[in-house]
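# Prediction below, plus the sequence it came from.
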Amino acid sequence: MLKEFKEFAIKGNVIDLAVGVVIGTAFGKIVSSFVADILMPPLSILLGNIDLREKSFILKPATDSAGAISMNYGLFLNNCLDFFIVAFTIFIVIKQINRFKRDKVTEDNSKVCPFCISHVPLKATKCHSCGSAI
């Protein structure tokens, strides 16, 4: 079992995962900074100089022995915005990666029509774009 684990770790799976986590963490920090430092100030001006980070509901006021208990919905909104920006960015990246993969598969499993230069499946006898016989 130790030998199998060593092979698993050396193959690169664990290293790839570690690199992905480190890069993902750094990317998360960049997006958080983008939202907090670049996106939210103009949005705050548009909303009438409101700083969402300071918005909260006081559930229990502060006492001499304990601090106030509050529900910080402004920070929550910032984190939601972070999430949507990260999710959208990852969506765009994955979409581009899939497009490159699809183009590669298309090139490998097709031939080029001599009349319209579009990709046609290898077994096709007519071009789906121009209708000419191949």
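On my side now, so go ahead. Numbers count the residues shown, from 1 in each chain.
# For the protein, which helix or strand comes out least confident on mean pLDDT?
Within the chain, no helix or strand scores below helix 2-11, which has a mean of 76 by mean pLDDT, DSSP states H and E.
# Which of the three states applies to the spatially most central residue of the chain?
Geometric centre of the chain, nearest residue: Ile90, 1.8 Å, by Cα atoms, centre = their mean. Following DSSP: H, G, I helix; E, B strand; the rest coil, we place Ile90 in the helix state.
# Quick check: the gap between it and Gln96.
The gap separating Ile90 from Gln96 is 11 Å, by Cβ to Cβ, to the nearest Å. Bear in mind the C-beta positions are built from the backbone N, C-alpha and C, glycine included.
# If you count contacts, what does the least confident helix or strand of the chain end up packed against?
For helix 2-11, there is no helix or strand it packs on, judged by 3 or more Cβ pairs under 8 Å, 6 or more residues apart in numbering; DSSP states H and E.
# how far is it from where the chain is centred?
Mean-position distance between helix 2-11 and its chain equals 30 Å (Cα atoms, centre = their mean, to the nearest Å).
# what does stretch 69-77 rub up against?
With Cβ atoms under 8 Å, 6 or more residues apart in numbering as the test, stretch 69-77 has contacts from 51-60.
# so where do the helices sit in the protein?
2-11, 13-33, 40-46, 73-108 (DSSP state H).
# Dump those helices to CSV, plus distance to Val120.
Output for the helices of the chain, formatted as CSV (distance: least, Cβ to Cβ, whole Å):
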stretch, distance to Val120
helix 2-11, 39
helix 13-33, 37
helix 40-46, 50
helix 73-108, 10
